[in-house]
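# The sequence isn't on hand, but the structure is:
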């Protein structure tokens, strides 16, 4: 069973709005065994919209349309729907009641312009929008379903969950689509491919599709399957994922939507241990990742962002003579930083980073992208040198996730 | 001049990846007078990809394609391009050199699979990708341009800016599309609308379109115009923007792509003054924003991320009795934090934050979203209480930009 998503609105095509609706809709459809075959974004233009409807009808059985349902003049999706279905709008007292209720329940008088929202194409079933004035609209044509939804994300989401998904499930019997994702850090896509090539080969006869999704120092591996029996799909995925994890245990840190900072938080909480950080090149980004997790105050004490050498000396007790002889981006300095903040905050663990994020500051010996990372624990300190790329943002983010993963590995064995 | 964007990859169609590339590309094309007529997302499927190329060719003169260029088996855009242009791949020693350099410059041995990256369609001009192994590829056919770019955002962005935009500008003469954006902080969209409604009305007869773009504590106001004479458009925009800034001077902080952290960096550099930060609820995010600016080490000394009360006492010299009586989220504590880090780091200015980011930790008196922010300067300290929302990420980010803007206002008068 195939679907197409059509998002309507000039704001998408001029880059003002990033289309986040399509990803939400895709996930919802996937969960009931409907695959999205194309996502098409078109401007507020009637002939272009109807052309998109016609093309979608040739590719898919379910067409989900969002946007262009506001009461203002630039919103013309309803006109396009009437033109496509060769019909006209009629007044719906059911919709009118709901729109009036939205205003009266907030003690407001309904502006006249909103009467227009109760005019809907004659051939549609209106679907209740609990949060806004534009109803959802359900059309059927030659066994195919067209659904028109408002573009406002929380209105659209509510309609998808409350109305569209249940109706699609009732109408179509579809196979299951199962996606399972394995998360890795510390290895590039092509190196990973070399390690798992034989395993990847074995997926073919199991009818599992594999995708590599790289992202700032991480690579996600996604296994996708379609079938009639959910528990069979699930069992097969788990079996293959267990084989995979054995091959890449060094880099594997989690599954699906799990975040590295959450994995670490869980480990620290379980062990009732605390963490502090001393950041130079990452400039607070590690602290930000850790504190973006709700409840992190249970195990995270804080950070010294030591951007200047003077602060490294004064606050982290880093030796001035070593700073002079070795430079701030060096093994002894990053280790002293980690130990310094660990002592200062009396934490069980400490992460320290020192590197050249760029674009300036590189030398032949220490080019931009050179980053030292240290992890201090109660009975020692471990450090590693990394060489990332030339891009400042990437260096900051890749250093941060690399540091988190170094800590994770130490925590696992602790 | 019309363009179509085609994004390729199953990860988009199953909702795992939100397509942010298209918005970036649209903005870049708009700036050189090219309008995007459609955005099409298709799966990793050769016949579907080539069908999308054919349809795009009928609508647009410039076709920008992203994704599906990795060295792994699921990436098939190059095959689709060969099929569409009826050609084959050939070895490019120019691309090979660049790919090898990416690995050797990081001290890594290139995996064999990457040789595949140097095989490119015979009819294309390869474009240098400074950050990844997949080159950009430029094709021309019957006066139309096809460009294939990697899907990794920072690789794609660099190629757009360094290669594609200059080449498109050289090839096509197009009318100007001028977007000028005015940046505000500290006022909501609807309140802003009330203040500038009369001014907004006056844009109609000037043929200027206005868009409101809200984002975590900031609202961007974009003025858009199209025309043949660039200096006329520019003059008109500047005149209207000067009128606008007078109305909202309290909230206005910059223009176009300027970032608040850059504005502050410039002010500090000009005054040869230094900054330190003490962060509780923002957890390092302010430090991250400041250090994301290249060259920030000239004025930024560092931060104490004081996530626990113990660290606030020990590291920032905050009074234990005041912590007990007033709580960490209070005027005296946030002021002591600012003064504490200013003294500790001997900086000219200091920012401190203390608040309840949520979701837990709120009380009736201090609900989630309550945030105290202080700015210390050489002869005093200034603090303000804010009440943001219930969302943790939003509270962290909105507190951070609010703090930066408080510092900016003080710097302006200093």
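Thanks, I have the structure now. Small disclaimer: the values here were computed from a predicted structure and weren't measured.
# Those residues of the stretch 201-350 of chain A touching chain B, which are they?
A:209-214, A:220, A:222, A:224, A:277, A:279, A:283-288, A:290-292, A:294-297, A:300-308, A:310-311, A:315, A:344-345 (C-beta under 8 Å from any C-beta of the partner chain). In this view, the C-beta of every residue, glycine as well, is placed from N, C-alpha and C.
# Which of those fall in helices?
A:285-288, A:290-291, A:310-311, A:315, A:344-345 (DSSP state H).
# top of the residues you listed by neighbour count?
residue A:287 (32 neighbours; other C-beta atoms under 10 Å in any protein chain shown).
# Contacts only, for the nearest residue to it once chain neighbours are set aside.
Using C-beta to C-beta, 6 or more residues apart in numbering or on different chains and skipping residues adjacent in sequence, the residue nearest residue A:287 is residue B:284, 2.7 Å away. Residues near residue B:284 by C-beta atoms under 8 Å, 6 or more residues apart in numbering or on different chains: A:279, A:284-288, A:290-291, A:303, A:305, B:303, B:305.
# hmm, try it at 6 Å
A:284, A:287-288, A:303, B:305 (C-beta atoms under 6 Å, 6 or more residues apart in numbering or on different chains).
# Same question for residue A:362.
With C-beta under 6 Å, 6+ apart, residue A:362 has these contacts: A:356, A:368.
# Go ahead and report the secondary structure state at it.
The three-state assignment at residue A:362 reads coil, by DSSP: H, G, I helix; E, B strand; the rest coil.
# what does residue A:174 give?
coil.
# Run a quick neighbour tally on it.
Look at residue A:174: counted by other C-beta under 10 Å, it has 18 neighbours.
# any low-confidence regions in the stretch 51-200 of chain A?
The model of the stretch 51-200 of chain A has pLDDT under 70 over residues A:71-74, A:106.
# mind listing the helices in it by residue range?
Counting by DSSP state H, counting those that start in this stretch, the segments of the stretch 51-200 of chain A that form helices are A:77-85, A:93-104, A:153-159, A:165-171, A:189-203.
# go on, the stretch 301-414 of chain A?
Using DSSP H, counting those that start in this stretch, the helices of the stretch 301-414 of chain A run over A:309-316, A:320-326, A:331-345, A:392-413.
# Could you name the helices and strands sitting against the third one?
Using 3 or more C-beta pairs under 6 Å, 6 or more residues apart in numbering or on different chains; DSSP states H and E as the contact criterion, the neighbours of helix A:331-345 among helices and strands are strand A:275-279, helix A:309-316, strand A:349-355, strand A:370-377, strand A:380-387.
# Flag every buried residue along stretch A:389-396.
Applying a neighbour-count criterion of 16 or more other C-beta atoms under 10 Å in any protein chain shown, the buried positions in stretch A:389-396 are A:389-392, A:394-396.
# same thing with stretch A:192-203?
Of all the residues in stretch A:192-203, those buried under the rule 16+ other C-beta under 10 Å are A:192-193, A:195-196, A:200, A:203.
# Residue A:27 is in what secondary structure piece?
Assigned by DSSP states H and E, residue A:27 belongs to helix A:21-31.
# Going by neighbour count, which residues in that helix are buried?
A:21-26, A:28-30.
# Disregarding residues adjacent in the polypeptide, which is nearest to the residue sitting nearest the centre point of chain A?
Residue closest to the mean C-alpha point of chain A, counted by C-alpha atoms, centre = their mean, is residue A:257 at 7.8 Å. Nearest non-adjacent residue to residue A:257, counting by C-beta to C-beta, 6+ apart: residue A:181, 8.0 Å away.
# now swap in residue A:200 and tell me
residue A:210 is the one closest to residue A:200 (C-beta to C-beta, 6+ apart), at 5.7 Å.
# hang on, the earlier thing: which pLDDT does the model give the residue nearest to residue A:287?
pLDDT recorded at residue B:284 is 97.
# so how far is residue A:292 from it?
9 Å (C-beta to C-beta, to the nearest Å).
# Show me the residue of the stretch 51-200 of chain A that gets nearest to chain B, please.
Nearest residue of the stretch 51-200 of chain A to chain B (C-beta to the nearest C-beta) works out as residue A:190 at 4.4 Å.
# Any idea what residue A:36 is bridged to?
residue A:3 (DSSP bridges).
# thought it was touching residue A:26?
Yes: between residue A:36 and residue A:26 there is a contact under C-beta atoms under 6 Å: 4.7 Å.
# sorry, back to before: for the residue nearest to residue A:257, what are its contacts?
Listed by C-beta under 6 Å, 6+ apart, the contact set of residue A:181 reads A:220, A:222, A:256.
# Also residue A:366?
residue A:329.
# What of residue A:333?
A:318, A:354.
# State the distance from residue A:367 to residue A:40.
From residue A:367 to residue A:40 the distance is 44 Å (C-beta to C-beta).
# from the helices of the stretch 301-414 of chain A, which stretch is densest packed?
Highest mean neighbour count of the helices of the stretch 301-414 of chain A: helix A:331-345, a mean of 24 (counted as mean count of other C-beta atoms under 10 Å in any protein chain shown).
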